[in-house]
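> After the sequence you'll find the predicted model.
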Amino acid sequence: MSSPVDSIQTIKVPKPVPVTTTRFRPPKKYIPQTKIERDHFLAAIRDYIEKENPVPPMPLEELDVHARVILKGLGYEGDETYLHYTAVCLNNEMWRETLAEIPYERRLLLMPKCLRVEDKCPAPFDEFGLLCKQCGLCSIQDFQNEAERLGYAVLVAEGSAIVMSLIQTGQIEAIVGISCLPVLERTFPYVEAAAIPSIAVPLLQDDCINTTVDIDWVWEYIHLTSDDKTRRLDLNSLHEEVKEWFTAESIESIMGPAEGRQEEIAREWLARDGKRWRPFLTAAAFEALRDDRGEPIPEDLKKIAVATELFHKASLIHDDIEDEDHGRYDQPTLHVEHSIPVALNAGDLLIGEGYRLIGESEISDAQKTEMLLVSSRGQRELCRGQGAELVWAQDPKPLKSKQVLEIFRQKTAPAFEVALKLGASYAGKLDEVGEVLEKYSENLGIAYQIRDDMDDLGADAGDNELEKMRPSVLLALARERAKGDDKALMESLWSHEDLEDIAIHKIRTLAHEVEADEKCLLLLETYKDAAVRNLAELDNANLKGLLRRVMGKIFNDLEIKGWCREFEVKNGVREDEAGTAE
């Protein structure tokens, strides 16, 4: 008899993103060590520009003065470790709006040859620089292809002479460049003298071989355009505003007074913690597509956004019961706190409330029908994914990694798709963007679940995590790559045999030894990249730009925990016993 998961289609894995063997090499000490830190610096710089309005072009010495003020605000007074990095980022942001107004075909993308994988790169050089052979080993190919598609001139070369000669032709009015900080410091006077808008993304290393760069930053600056009217929208502020909709007072204002203890319990659960990504996505999609940009968010949109969180929170209640989980948000699950019958009823109540909020919104009947269909289809797909996992758990057998990814697609992607489509529907634009939102959500959902999958078995997971074994792409990859006794161990793990005798740290170590952890990280980046690529099909510049930034925000706020001391030391996350990172 075949397993229920045999009928699951094999999901198509997107083309892997370019990755070098140095992908996880930590940046130099004069550059903030993690992407979260770098984005924190960028947010502080943007706040400073908003308040002080410094005007470019500005000499490096004057940039340093402003940079010291910013560093003081960040708690680095007297510490000039990040001084030049901050100055470069400040210069970028001062030119940001000017760059946005310059047509793509009047811009130059300048990249260094050290982004290539030097010992494998087949590209030759001519008098203008490297001639990419499109081998896919590094990020040069992707940056070049996208920039040229937009209309950029592209050079993979170092040297101010080439750049200055291009500027003097009058055909180049702005530069987006990638370089190490030492080169940026040397070339800065030339660019400043030309008074040409320039964005310079610092490399994360400066050893001139197999270097890496913050891909999200390059992607954002390449696509910066005045056609995107949401480019100044503060996503952090929007996210914080959405979170405020889930205080007890706001919930009552949006949903009306609670009636009875059961409804109070359900609403207490709704208010309890959570990232609020789904209502944030609904609000973000609406902000990108609305015609009256700049006006306050309508009350009806708040109802519809809250509905997406009602559906999500209901699914968590049911999932916790089905998976026999006892904790969430560092608190007891609802069924542990109030009993399974009360929790089941609370979940059902939240689903009904979500549909009620949509039905009571003051929108056209056509929009209501559209939203109800979107929501119900999403609910159906989510239940199919969860159902496949539950039926598998009754007679567990090893799953291929692609089968696990298909379960992820069914379980997680629908909620993101519903959230985005409801925002688009409220703006009256779903017919225009629905197909792209579906593809974007599928890749976003899979990437999100891969990240959760790694955290579920990460360093902070409980020792009993294996007792509630569920489909895991990391464990599937570890099984596929393991050999001999390790293969037998993974087979028994998937079959739920003798789980009490298997230490979770041993599984983490095995996953690391067969590089399943790094393969997971590559898959994560691949699906993120695929989501962004889907946006190329969009004609709406506002939605395209905003969703690209939304992807960065969601994953910048998430942190993948290390798997073992060796992995963390290797990647510069943790120091070794001697106190130095390897």
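Sure, I can see it.
> Was I right to think Ala427 contacts Leu289?
Yes: counting by Cβ atoms under 8 Å, Ala427 touches Leu289, with 3.7 Å between them. Where you see a C-beta, it was placed from the backbone N, CA and C, and this is true even at glycine.
> Compare those two and say which one has the larger neighbour count.
Between Ala427 and Leu289, counting by other Cβ atoms under 10 Å, Leu289 is the more crowded of the two (23 against 20).
> who's in contact with that one?
For Leu289, the residues meeting the contact criterion (Cβ atoms under 8 Å, 6 or more residues apart in numbering) are Gly423, Ala424, Ala427, Gly428, Lys429, Val433, Asn540, Asn542, Leu543.
> how far away is it from Asp431?
Relative to Asp431, Leu289 is positioned 11 Å away (Cβ to Cβ, to the nearest Å).
> got it, and Asp300?
According to Cβ to Cβ, Asp300 and Asp431 sit 20 Å apart.
> Show me which of those two is the more surrounded one.
Using other Cβ under 10 Å as the criterion, Asp300 and Asp431 rank with Asp300 on top: 16 against 10.
> Check for me that that one belongs to a helix.
Yes: secondary structure of Asp300, determined by DSSP: H, G, I helix; E, B strand; the rest coil: located in a helix.
> what two of the contacts of Leu289 have the greatest distance between them?
The widest separation within these, taken as Cβ to Cβ, falls between Gly428 and Asn542 and amounts to 14.1 Å.
> now the stretch 451-582 of the chain, which segments are flagged as low pLDDT?
Low-confidence segments of the stretch 451-582 of the chain, defined by pLDDT under 70: 457-469, 494-504, 556-582.
> Quick check: phi and psi at Ile70.
With angles defined as degrees, to the nearest 10, Ile70 shows backbone torsions of phi -60, psi -40.
> follow-up on the earlier one: Gly428 and Asn542: which has the busier surroundings?
In terms of neighbours (other Cβ under 10 Å), Asn542 is the more surrounded of Gly428 and Asn542; the figures are 19 against 16.
> Return the residues in contact with Ser198.
By Cβ under 8 Å, 6+ apart, the residues touching Ser198 are Asn91, Trp95, Ala174, Ile175, Val176, Gly177, Val191.
> With respect to Ile215, which of these is nearest?
Nearest to Ile215, judged by Cβ to Cβ, of the contacts of Ser198 is Val176 at 13.4 Å.
> What helices and strands are in contact with the helix or strand harbouring the closest one?
Secondary structure assignment for Val176, by DSSP states H and E: strand 174-179. Judged by 3 or more Cβ pairs under 8 Å, 6 or more residues apart in numbering; DSSP states H and E, the packing partners of strand 174-179 are helix 83-101, strand 107-111, helix 181-194, strand 198-202, helix 215-223.
> got TSV for the ones you listed, with mean pLDDT too?
Putting the helices and strands packed on strand 174-179 into TSV (pLDDT from 0 to 100) gives the following:
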stretch	mean pLDDT
helix 83-101	90
strand 107-111	88
helix 181-194	68
strand 198-202	87
helix 215-223	85
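> Turn those into CSV, including distance to Leu349.
Supplementary listing: these in CSV, determined by distance: least, Cβ to Cβ, whole Å:
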stretch, distance to Leu349
helix 83-101, 47
strand 107-111, 54
helix 181-194, 56
strand 198-202, 49
helix 215-223, 40
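> Give the buried residues for the longest helix along the chain.
Counting by DSSP state H, the longest helix found in the chain is helix 365-394. Judged by neighbour count using 16 or more other Cβ atoms under 10 Å, the buried positions of helix 365-394 are 367-368, 370-371, 374-375, 378-379, 381-383, 385-386, 388-389, 392.
> do the same with stretch 53-67
Neighbour-count burial for stretch 53-67, counted by 16+ other Cβ under 10 Å, picks out Pro54, Pro56, Pro57, Met58, Leu60, Leu63, Asp64, His66, Ala67.
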